[in-house]
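> Dropping the sequence and predicted coords here.
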Amino acid sequence: MNKLNFIRICFFIVFFIIIRFVLKFDGLYGQDAYEYLRYTNEMYSFFVNGTFLGDYFWGLGYPFFGCLFNFFIQNTSMALQLVSIVAALVTWIYIDKIIELIYDKKPNYLVSFLFFIMSPIVFVQSLLAMSDMLACCFTTMAVYYFFNYLIKSKNGHFVLGFVLSMLAFNTRYASIIVLFILLVIVFIKIIKDKNIKLILIAFAIGITISLPHILIRANASLNFLAHPLFTEWNIKNLFHSNFTTVDGQFNNKFINLIYCLYSFFHPQFLAFGIFVFLGVAIFKMKVFLGNKFQNIILASTLLFALFLGGIPFQHKRLLLSTFPLVILFLYPVMKNIFTAIKLNNWHIIVIVSIQLGFNLYFGKMFYQRNKLEQTIANDLRFYSSKTIYIFDMDLALKGRNVPLDYQNIWYKEYSNFNKNALVLVNGAQLEKQWIGKNPLINWNKLKINGNLKVLKSYGDGWNLYEIK
């Protein structure tokens, strides 16, 4: 291990200790994280006790690696959080490896540290029990080995690249779109070289890595294609900012055409992106240098942006998959700007301070939600086995092993409600997002007919009620 990677590992160890044990943030946030937690526990039980492994909608990659980590640390939420942190570390290392490969020079390591690792989207996602950082890691590694194959024509590089691309796909399905152009280029080379053996190897790799998904979802292995990512995609969505879907009503500040390019300039991604392009103008630099690998990187980034822009919602974390590519594409300009301004220690301190400020700002809501879930879970343990009408918080409470009779008001419209039952909702959020949908319909019925007594107010619209 070289000195630089040792420093990187120490950085992440300290980082993890502060977040996990000092701030007591366990990485669980929102509904998706608890579904990953549930299935990781189920998978672990399958390997240890041979218990039945049930159905699961998403790719198996993240819970599988969470399960592997859990064999060593025996704490599922910590295992999942560690998977994300290790993925961020490995992605950081491979960004610099790709820079050295495609620009044929020793990289300026400050670029990847200041603008990737210190970026709020990476800072937050590396702490969450979510699959985005792992998928980003596999995608970046696949890019490195495919580029190596295009340069050196070694079969081993292709095999590693294809294994990693299949792992990325089986972690987050949309990752295949990021790698699509590169895969086409690689397979064209294979066909030109008449290397039929590699095509057979690729087929075997694809089947092997996808086999668990095929077996577990034998009757519904292609159901992910029914996700709104695909079924509601429309090029017209690029020019809209307001959407009504099965998940309610969303009113965004900017149209999707702007949102899908956030990774180039939004403070949650590249806080200094606007200054990069100003630097281009001031120092008369070329952003697009004609490097063939830059062409591939930019084309892949824009293809994925177009894909996301056609979906009728906006989730910034989905853009994480191509954020390393944005750093790679802009690297020559960033490096030249550093040289032009003669970057010194004071500049670095200012940039790090600004980035930390953005990290605190964008990370605050994740931390607060996590603490809210922990507080509510602790409170509701005193109401063991009671019926609770609930929305948006049920998976969190189930994941934290709170024994209640859960009635999610999203699934159906209730005609009546049990006396003395509990109600846990964020009324303000329901009235904003769920107009005409079951959650708001049921909440309005509860307000009119439920004779609700407030047991506790948690702030930010969240209240615990009892039906009298």
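Arrived safely, thanks for sending.

> would you list every one of the helices in the stretch 101-250 of the chain?
Here the stretch 101-250 of the chain has its helices, by DSSP state H, counting those that start in this stretch, at 109-112, 120-125, 132-152, 155-169, 175-192, 196-216, 228-231.

> Glu42 falls within a helix, correct?
Yes. Secondary structure of Glu42 (DSSP: H, G, I helix; E, B strand; the rest coil): part of a helix.

> Is it correct that Met118 is in contact with Val352?
Yes. With contact defined as C-beta atoms under 8 Å, Met118 reaches Val352; the gap is 6.3 Å. Every C-beta, even on glycine, is put in place using the N, C-alpha and C of the backbone.

> More neighbours: those two, which one.
Met118 (18 against 13; other C-beta atoms under 10 Å).

> Tell me which residues touch the residue nearest the centre of the chain, please.
Compute the mean C-alpha point of the chain, and by C-alpha atoms, centre = their mean the closest residue is Asp132, 2.6 Å away. Contacts of Asp132 were listed using C-beta atoms under 8 Å, 6 or more residues apart in numbering, and they are Gln125, Arg172, Arg317, Leu318, Leu320, Ser321.

> give me that answer again for 6 Å
Gln125, Arg317, Leu320 (C-beta atoms under 6 Å, 6 or more residues apart in numbering).

> same check, this time on Ile188
Counted by C-beta under 6 Å, 6+ apart, Ile188 has zero contacts.

> Ile205 now?
Per C-beta under 6 Å, 6+ apart, neighbours of Ile205: Phe162, Val163, Met166.

> Excluding covalently adjacent residues, which one is nearest to the second one?
Spelled out, it's Val163. Nearest residue to Val163, sequence neighbours excluded (C-beta to C-beta, 6 or more residues apart in numbering): Ile205, at 5.7 Å.

> So the one you found versus Gly161, what's the distance?
Distance of Ile205 to Gly161, given as C-beta to C-beta, to the nearest Å: 10 Å.

> ok, now Leu211?
On the measure of C-beta to C-beta, Leu211 and Gly161 end up 20 Å apart.

> repeat for Leu320
Look at Leu320 and Gly161: by C-beta to C-beta, they are 20 Å apart.

> now swap in Ile388 and tell me
On the measure of C-beta to C-beta, Ile388 and Gly161 end up 49 Å apart.

> What of Phe277?
31 Å.

> Which one's more surrounded, the two?
Between Phe277 and Gly161, counting by other C-beta under 10 Å, Gly161 is the more crowded of the two (25 against 16).

> and the more buried one, what does it touch?
Gly161 touches Ala142, Tyr145, Phe146, counting by C-beta under 6 Å, 6+ apart.

> nearest to Pro267, of those?
Checking those against Pro267 with C-beta to C-beta, the nearest one is Ala142 at 28.4 Å.

> OK, contacts around the closest one?
Gly161, Leu164, Ser165, Leu179.

> What residue, apart from its backbone neighbours, is nearest Gln368 spatially?
Asp460 is the one closest to Gln368 (C-beta to C-beta, 6+ apart), at 7.8 Å.
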